[in-house]
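Engineer: make a model of this:
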Amino acid sequence: MAERVEQEEIFSQVLRAGRRTYFFDVRATKADDYYLTVTESKKFTHDDGTFHYQKHKIYLYKEDFSDFQEMLGKATDYILNEKGSEVISERHQKDFKKEEEETTTEETKSTESFTDVSFDDI
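Structural biologist: Here you go, the predicted model:
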């Protein structure tokens, strides 16, 4: 099985964003052409205080730069146009679905307890 050997970084930038850190690294291929790796590293803390990092990486090659940049621009513009630039807190976001489900369940229960009334009877 061939192992993928990471090439040395030619240029690197780091974006720290709360529990997440994004690394933008320019690397060289064996033919000495450049490509970009984008790595998201997310810190997870365990109950005992220990922690680990989970990493996700994408490789982006020059022939895809233009299309990738265009798609990223369209996607980010769509999000900002639809939801604005206000950030919803991560804590709120985690519980949002649960709260929505609980509300829906409560609404269903209260609706089910009503008796159907015909206004013709009044």
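Engineer: in contact with R19, which residues?
Structural biologist: K42, K43, F44 (C-beta atoms under 8 Å, 6 or more residues apart in numbering). The way it works is simple: take the backbone N, C-alpha and C, and place the C-beta from them, glycine included.
Engineer: no no, K43
Structural biologist: Applying C-beta under 8 Å, 6+ apart, the residues near K43 are R19, R20, F51, H52, Y53.
Engineer: next, format those residues as TSV and append secondary structure.
Structural biologist: Putting the contacts of K43 into TSV (DSSP: H, G, I helix; E, B strand; the rest coil) gives the following:
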residue	secondary structure
R19	coil
R20	strand
F51	strand
H52	strand
Y53	strand
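Engineer: hang on, the earlier thing: ok, of the contacts of R19, which one's closest to K62?
Structural biologist: K42 (27.8 Å; C-beta to C-beta).
Engineer: using the three-state scheme, assign that closest one.
Structural biologist: Secondary structure state of K42, per three-state DSSP, is strand.
Engineer: begin at 19 from here
Structural biologist: With 19 as the first residue, the last one maps to K60.
Engineer: residue ranges for the strands of the protein, please.
Structural biologist: When secondary structure is read from DSSP state E, the chain shows strands at 27-35, 38-46, 52-63, 69-79.
Engineer: adding distance to G91, write those strands out as JSON lines.
Structural biologist: As requested, the strands of the chain are arranged in JSON lines below (distance: least, C-beta to C-beta, whole Å):
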{"stretch": "strand 27-35", "distance to G91": "18"}
{"stretch": "strand 38-46", "distance to G91": "17"}
{"stretch": "strand 52-63", "distance to G91": "16"}
{"stretch": "strand 69-79", "distance to G91": "15"}
